[in-house]
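Visitor: When you get a sec, could you give me coordinates for this:
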Amino acid sequence: MQCADFITGTCSCVPSTQNIRDEDVPRVQQIILDTLQTAADTGFEAERVEAIIHQIELSQKSVKSNFGLGLLLRLFPYWARNADAFSPLHINAYIATIRQRLSEGPYFQELLRQYILFNPHRVTLVMRPDEDYAKKEQAVEEARLKVLQSTLTQQDRERITAQAAELARMQQSKPDATCLPTLRLSDIAKTSEQLVFEPSTHVYRPGAHAPSSKVKFSHSIPPTRVYPESDRCEVMWLPQPTNGIVYISLLSSLHRLPAELRPVYPLFRSVFTEMGTRSMDYRELSHRLDLVTGGLSASAMVHSGYNDLSSHHEPVVFSGAALTRNVNALLAVWREVLLESTFSNQTRLLMLLRQYAAGIANSLQDSGSSYAMSYASSALTPAALVNEQLGGMSYVRSLNALVTRIEEEVAATGSSTADSSVINTPTLGLLCKQLQDIARWLVKEGGIERALVVGDEASLAACRQAVPQFLYDIHSNSAGTV
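Guide: Numbering: from 1, shown residues only. This is a model prediction of the structure:
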């Protein structure tokens, strides 16, 4: 809705709509103004404002692979206009200023009135499609060429002919590759960079059994133990310059997941934070995630054994991130998602299932070669076969069959998500139960075998007690999962 023009040094508020009739333009314009006026009169929910500020802060501080380039691109417009080039980096100061002004009164409401509602400088731009646009463009181009041809002298024609011949010669000649950057074998280090982990923490897991094997890290420091019991999960601490953000990953496994639940796991991975919990519906949960986290996600990786291609491993990684000050809040909402997620809302599940199936269908065109490679390699190793079953064309076919069956049952009941009807079909009911069983199984049977905490020194210090206690609580309360 807002855009900045760094050429003129101004900002614009640009609400836009599409697919409306010409006669409805004044009505839509009035609706936009009425909506802004209502916002100026009634204000904004404080928690929603805080959630948006929180997400902006996270996006600015998150260190990605192109973080340095992104910083340069943010600095350049200010430098080009002789302003303080480093002012975009003062994110903490800006956020503190916004919070201070919010505490003093209706800050955003006054901005709405001053810069939008009471601002007479306004332009309404209406763009209409022209069915003859391409033909008109062609006619203009042909007319322009005729004018140019009529003004060319014989010398001009000879010059153009010579330039065309020179261009053809250059295109057919072998390019000089010596001018390009070259990567030589000597430029590649013979050994990879070794990550240095801080001492691991072992957390007791009540009632569980010790894994039959442990992953050994040659570069990790010998672990210390918080709880003296023999059965435990390992917390690994990795100091990195994360700009005040803590990244936490929890490792579980699909290896013993019952066969009837395995085809449902990809859908579970997509919807497990979208259905709500015992104490929060999906809207409240979404708002809570925006307010205190950078998001929660689940992923599954299938790979062959390191020394035996006939074996395979199926780790599941739950990932989350938060600002250092929100670590305890992140762990609290994570605990609720892991232990108290509910999947009983069939209407909500149907909507998510439709979106999920549409997304996969849309990916087929761009990722066709990946699906073909997955299908072709599925006969080579057990790991490749599982990958095909959980994300290849075999899975796409089974998903389409499931969606078709559910849509037929919904049509037979005469219900529709469009009119807020309560959906209740046998297949959706079974799917809800299977998703609930996966949530329960991952905590009780799959277990959390290992956790990785990544952050700067201050961030890791804030997690020293909280993360082990969180894992202890998860294992202690797993018997009470829904």
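
Visitor: what comes into contact with stretch 99-110?
Guide: 39-41, 43-44, 46, 49, 53, 98 (Cβ atoms under 8 Å, 6 or more residues apart in numbering). All C-beta atoms are positioned from the backbone trio N, CA, C, and that covers glycine.

Visitor: what does stretch 304-315 give?
Guide: Contacting residues not belonging to stretch 304-315 are listed as 251-255, 257, 300-303, 381-383, 386 [Cβ under 8 Å, 6+ apart].

Visitor: which residues of the stretch 301-450 of the chain fall in strands?
Guide: Assigned by DSSP state E, counting those that start in this stretch, the stretch 301-450 of the chain shows strands spanning 303-304, 312-313, 315-323, 450-455.

Visitor: Pick the most buried one from those strands.
Guide: Stretch with highest mean neighbour count among the strands of the stretch 301-450 of the chain: strand 450-455 (a mean of 22; mean count of other Cβ atoms under 10 Å).

Visitor: and that strand, what does it pack onto?
Guide: On a contact count with 3 or more Cβ pairs under 8 Å, 6 or more residues apart in numbering; DSSP states H and E, strand 450-455 meets strand 232-239, strand 245-253, helix 457-463, helix 466-477.

Visitor: Pretty sure E284 sits against G276.
Guide: Yes - look at E284 against G276 with Cβ atoms under 8 Å: they come within range, at 7.2 Å.

Visitor: what about these two, which has more around it?
Guide: It is G276, of E284 and G276, that has more neighbours when counted by other Cβ atoms under 10 Å, with 22 against 12.

Visitor: what sits against the more buried one?
Guide: 282, 284-285, 341-342, 345, 348.

Visitor: Local confidence estimate at it?
Guide: pLDDT for G276: 92.

Visitor: now do the one 4 residues further on
Guide: At M280 the predicted local distance difference test score is 92.

Visitor: Are we agreed that it is in a helix?
Guide: No - assessed by DSSP: H, G, I helix; E, B strand; the rest coil, M280 does not belong to a helix; its assignment is coil.

Visitor: And it, how far from L339?
Guide: M280 sits 13 Å away from L339, going by Cβ to Cβ, to the nearest Å.

Visitor: Overlap in contacts, the two.
Guide: Common neighbours of M280 and L339, using Cβ under 8 Å, 6+ apart, do not exist here.

Visitor: returning to what we had before: between the helices and strands packed on strand 450-455, which gets nearest to A134?
Guide: With respect to A134, and counting by Cβ to Cβ, the nearest of those is strand 245-253 at 49.0 Å.

Visitor: Mind giving me the packing neighbours of that closest one?
Guide: Using 3+ Cβ pairs under 8 Å, 6+ apart, the elements in contact with strand 245-253 are strand 315-323, helix 327-340, strand 450-455, helix 457-463.

Visitor: partner strands of the third one, parallel or antiparallel?
Guide: When you say that, I think you mean strand 450-455. strand 232-239 (parallel), strand 245-253 (antiparallel) (DSSP bridges).

Visitor: what does it contact?
Guide: The contact list for strand 450-455 (Cβ under 8 Å, 6+ apart) reads 215, 233-240, 242, 245-251, 324, 460, 463, 467, 471.

Visitor: and W237, how many residues sit next to it?
Guide: Neighbours of W237 (other Cβ under 10 Å): 20.

Visitor: From what I see, it and A461 are in contact.
Guide: No - contact criterion Cβ under 8 Å: W237 and A461 do not qualify, at 10.0 Å.

Visitor: joint contacts of these two?
Guide: In terms of Cβ under 8 Å, 6+ apart, W237 and A461 are not both contacted by any residue.

Visitor: pretty sure K64 is touching G70, no?
Guide: Yes - with contacts counted by Cβ under 8 Å, K64 reaches G70, the gap being 7.3 Å.

Visitor: Got the domain ranges for this structure?
Guide: For the chain, the structural domains run 2-117, 198-480, going by automatic domain parsing.

Visitor: low-scoring stretches of this structure, by residue?
Guide: Scanning the chain for pLDDT under 70 picks out the ranges 1-9, 192-197, 199-232, 415-421, 478-482.

Visitor: Just put the domains of the chain in a markdown table and tack on distance to T191.
Guide: Below are the domains of the chain laid out as a markdown table (distance: least, Cβ to Cβ, whole Å):
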| stretch | distance to T191 |
| --- | --- |
| domain 2-117 | 22 |
| domain 198-480 | 11 |
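
Visitor: ranking those domains by burial, who's on top?
Guide: Of all the domains of the chain, domain 198-480 carries the top mean neighbour count, a mean of 17, counting by mean count of other Cβ under 10 Å.

Visitor: Which of the domains of the chain sits closest to D187?
Guide: Across the domains of the chain, closest to D187 is domain 2-117 (Cβ to Cβ), at 19.5 Å.

Visitor: chain center to the closest one, what's the gap?
Guide: 21 Å (Cα atoms, centre = their mean, to the nearest Å).

Visitor: cool, and stretch 360-377?
Guide: Taking Cα atoms, centre = their mean, one finds the center of stretch 360-377 at 21 Å from the center of the full chain.

Visitor: Show residues contacting it.
Guide: Contacting residues not belonging to stretch 360-377 are listed as 384, 387-388, 391-394, 396, 399-400 [Cβ under 8 Å, 6+ apart].

Visitor: What of stretch 42-52?
Guide: Stretch 42-52 is contacted by residues 102, 106, 108-109, 287, 290-291 when judged by Cβ under 8 Å, 6+ apart.

Visitor: and of those residues, the nearest to V14?
Guide: Among the contacts of stretch 42-52, and counting by Cβ to Cβ, the member closest to V14 is F108, at 17.6 Å.

Visitor: Relative to T35, how far out is the closest one?
Guide: Distance, F108 to T35, using Cβ to Cβ: 14 Å.

Visitor: One more: L89?
Guide: Taken as Cβ to Cβ, the span from L89 to T35 is 34 Å.

Visitor: got it, and M127?
Guide: In terms of Cβ to Cβ, M127 sits 21 Å off from T35.

Visitor: again, but for V333
Guide: Using Cβ to Cβ, V333 is found at 31 Å from T35.

Visitor: wait, F318 sits on T273?
Guide: No - contact criterion Cβ under 8 Å: F318 and T273 do not qualify, at 10.1 Å.

Visitor: Which neighbours do those two have in common?
Guide: By Cβ under 8 Å, 6+ apart, the residues touching both F318 and T273 are 296-297.

Visitor: Heading C-terminal from the helix or strand harbouring R288, find the next helix or strand.
Guide: In this assignment (DSSP states H and E), R288 forms part of helix 282-292. Next along the chain after helix 282-292, taking DSSP H and E as the criterion, comes strand 296-300.

Visitor: For the closest residue to Q434 other than its chain neighbours, what are phi and psi?
Guide: Closest residue to Q434 apart from its sequence neighbours, by Cβ to Cβ, 6 or more residues apart in numbering: V264 at 4.6 Å. V264 has phi and psi values of phi -90, psi -10 when expressed as degrees, to the nearest 10.

Visitor: for V264, what are its contacts?
Guide: Counting by Cβ under 8 Å, 6+ apart, V264 touches 431, 434-435, 438.

Visitor: Next step: those restricted to helices.
Guide: Per DSSP state H, helices hold the following members of these: 431, 434-435, 438.

Visitor: of those residues, closest to P26?
Guide: Nearest to P26 out of the ones in helices among the contacts of V264 is L431 (Cβ to Cβ; 46.6 Å).

Visitor: any idea how far that closest one lies from S252?
Guide: To S252, L431 is 21 Å away according to Cβ to Cβ.

Visitor: swap in L289?
Guide: Counting by Cβ to Cβ - L289 and S252 are separated by 20 Å.
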